[in-house]
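S.K.: this one's structure only:
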C-alpha cells in the first residue's frame, strides 16, 4: 500500500513526465503548467486527467464569481467533472453570452481577454459586454443550472 507521501512523489513525477510529453506534442506552450489528477480506484488503476492550469484557474474564477466567494475557497473533486459541468451550463446559455464568458475567463485554452480586447473581438461597447455578462450570470445562478456546478463543488468557509 502506498503512503500519502509516496503518492505525492509519484504525482510530481507523472506531472513532470506528462508536462514534457505535452510540450513535445504541442498540447501546451513551453512554460505553461498543467494540473493532473491521479486517482487510485478499485480495481487498482490510475486515471490521469490533463487540463491546462490556465483553464482550471479560469473555471475556478468563474465559479467563485457565481457563488460570490474567493477562488481559494473553491474546492473541486475532479478537473474533468468540473470542466464538463461548466460546459453543460455554458451550453445552456445563448451563444454570445457563452462566448463572452469563455473569453473573459480564458476557458478556451487561451488567456483571459481584457475588456478592450473583447470590445475589438465582438464589436460592441464595453457597457454592452458588461450587460451581457450580467445576464449570463443571472441565468447561471438559476437553480436548474446551478445544481450542475454544486454537485462537483465545495465552498470552504473561513
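M.R.: Structure received. It should be emphasised that the depicted structure is a prediction, and the values quoted were computed from it without experimental measurement.
S.K.: Residue 146 versus residue 67, what's the distance?
M.R.: Relative to residue 146, residue 67 is positioned 9 Å away (CB to CB, to the nearest Å). C-betas here are computed from N, CA, C, even on glycine.
S.K.: Then residue 118?
M.R.: Relative to residue 146, and taking CB to CB, residue 118 is found at 25 Å.
S.K.: per-residue pLDDT, residue 16?
M.R.: Model confidence at residue 16, given as pLDDT, is 74.
S.K.: Pull the number of nearby residues for it.
M.R.: Burial measure for residue 16: 10 neighbouring residues, criterion other CB atoms under 10 Å.
S.K.: Let me see the backbone angles for it.
M.R.: phi -70, psi -40 (degrees, to the nearest 10).
S.K.: got it, and residue 75?
M.R.: When read as degrees, to the nearest 10, the backbone of residue 75 gives phi -120, psi 140.
S.K.: The helix or strand hosting residue 58 - contacts with which helices or strands?
M.R.: Per DSSP states H and E, residue 58 falls inside helix 53-67. If you count contacts as 3 or more CB pairs under 8 Å, 6 or more residues apart in numbering; DSSP states H and E, helix 53-67 packs onto strand 34-41, strand 74-76, helix 79-91, helix 95-105, helix 126-140, helix 143-150, strand 153-155.
S.K.: coming back round to it: and residue 118 and residue 146? Which one has more around it.
M.R.: Neighbour totals were compared for residue 118 and residue 146, and residue 118 leads with 21 against 16 (other CB under 10 Å).
S.K.: Spit out the contact partners of that one.
M.R.: Counting by CB atoms under 8 Å, 6 or more residues apart in numbering, residue 118 touches 100, 103-104, 126, 129.
S.K.: thinking again about what came up before, output the helices and strands packed on helix 53-67 as a markdown table; include the columns distance to residue 13 and mean pLDDT.
M.R.: As requested, these are exported to a markdown table (distance: least, CB to CB, whole Å; pLDDT from 0 to 100):
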| stretch | distance to residue 13 | mean pLDDT |
| --- | --- | --- |
| strand 34-41 | 10 | 58 |
| strand 74-76 | 23 | 72 |
| helix 79-91 | 19 | 79 |
| helix 95-105 | 31 | 92 |
| helix 126-140 | 38 | 93 |
| helix 143-150 | 32 | 80 |
| strand 153-155 | 28 | 61 |
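S.K.: Any chance of JSON lines for the ones you listed, columns distance to residue 20?
M.R.: Formatted as JSON lines, the entries for these read as follows, by distance: least, CB to CB, whole Å:
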{"stretch": "strand 34-41", "distance to residue 20": "11"}
{"stretch": "strand 74-76", "distance to residue 20": "26"}
{"stretch": "helix 79-91", "distance to residue 20": "19"}
{"stretch": "helix 95-105", "distance to residue 20": "28"}
{"stretch": "helix 126-140", "distance to residue 20": "37"}
{"stretch": "helix 143-150", "distance to residue 20": "33"}
{"stretch": "strand 153-155", "distance to residue 20": "31"}
